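Colleague: Below are the sequence and a predicted model; questions follow.
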Amino acid sequence: MEKIEFSCEINETHPDLVKLVGDTMPEETELYDLAELFKVFGDSTRIRILFVLLQAEVCVCDLAEVLNMNQSAISHQLRILKQNKLVKARREGKSIFYSLADEHVKTIIAMGQEHIEEEIG
């Protein structure tokens, strides 16, 4: 197997490429926020919750039953997902139902799934 090097053999920059990237690079705060968003996807419990919500709007009791977890743990993860605008809540009587915040969340999950399932050839 060929060893891949991650450094240049000569120290030469390409000014036009450096300028293009520099001109299109988002602000540092936006990059930080994006990194924080992706950290939320780094927890398998939160991913499991999102997969349930891909199928249906559910309450904490339903999530706890489906995921075989206690309601307290589910509530904690839902709070994080809600703070990061990935889920939304709707009250109906004494119950609160959770669903995905918007189509972007579905797209992120679908693209992630597609990425891990593709064969790198």
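Modeller: Perfect, thanks for sending it. Numbers count the residues shown, from 1 in each chain.

Colleague: Model confidence for the most centrally placed residue in the chain, exactly?
Modeller: In the chain, the residue lying closest to the centroid (C-alpha atoms, centre = their mean) is Phe41, at 3.7 Å. On the pLDDT scale, Phe41 is placed at 96.

Colleague: got the phi/psi numbers for it?
Modeller: phi -80, psi 0 (degrees, to the nearest 10).

Colleague: pretty sure Gln71 is touching Asp62, no?
Modeller: No: using C-beta atoms under 8 Å, Gln71 is not in contact with Asp62; the gap is 10.3 Å. Quick note: C-beta positions are derived from backbone N, CA and C, even for glycine.

Colleague: Can I get the helix or strand bottoming out on mean pLDDT in the chain in PDB, CA atoms only?
Modeller: None of the helices or strands of the chain scores lower by mean pLDDT, DSSP states H and E than helix 15-24, at a mean of 92. Presented in PDB, the C-alpha positions along helix 15-24 are these (Å, rounded to 0.1, in the frame of the first residue of the first chain):
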ATOM      1  CA  PRO A  15      -1.400  33.000  -4.800                       C
ATOM      2  CA  ASP A  16      -4.500  32.700  -7.000                       C
ATOM      3  CA  LEU A  17      -5.800  29.700  -5.000                       C
ATOM      4  CA  VAL A  18      -4.900  31.300  -1.700                       C
ATOM      5  CA  LYS A  19      -6.800  34.500  -2.600                       C
ATOM      6  CA  LEU A  20      -9.800  32.500  -3.900                       C
ATOM      7  CA  VAL A  21     -10.000  30.500  -0.600                       C
ATOM      8  CA  GLY A  22      -9.300  33.600   1.500                       C
ATOM      9  CA  ASP A  23     -12.000  35.600  -0.200                       C
ATOM     10  CA  THR A  24     -14.700  32.900   0.300                       C
END
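
Colleague: List the contacts of the next helix or strand along the chain from it.
Modeller: Moving toward the C-terminus from helix 15-24, the next helix or strand (DSSP states H and E) is helix 28-40. The contact list for helix 28-40 (C-beta atoms under 8 Å, 6 or more residues apart in numbering) reads 25-26, 46, 80-81, 84, 86.
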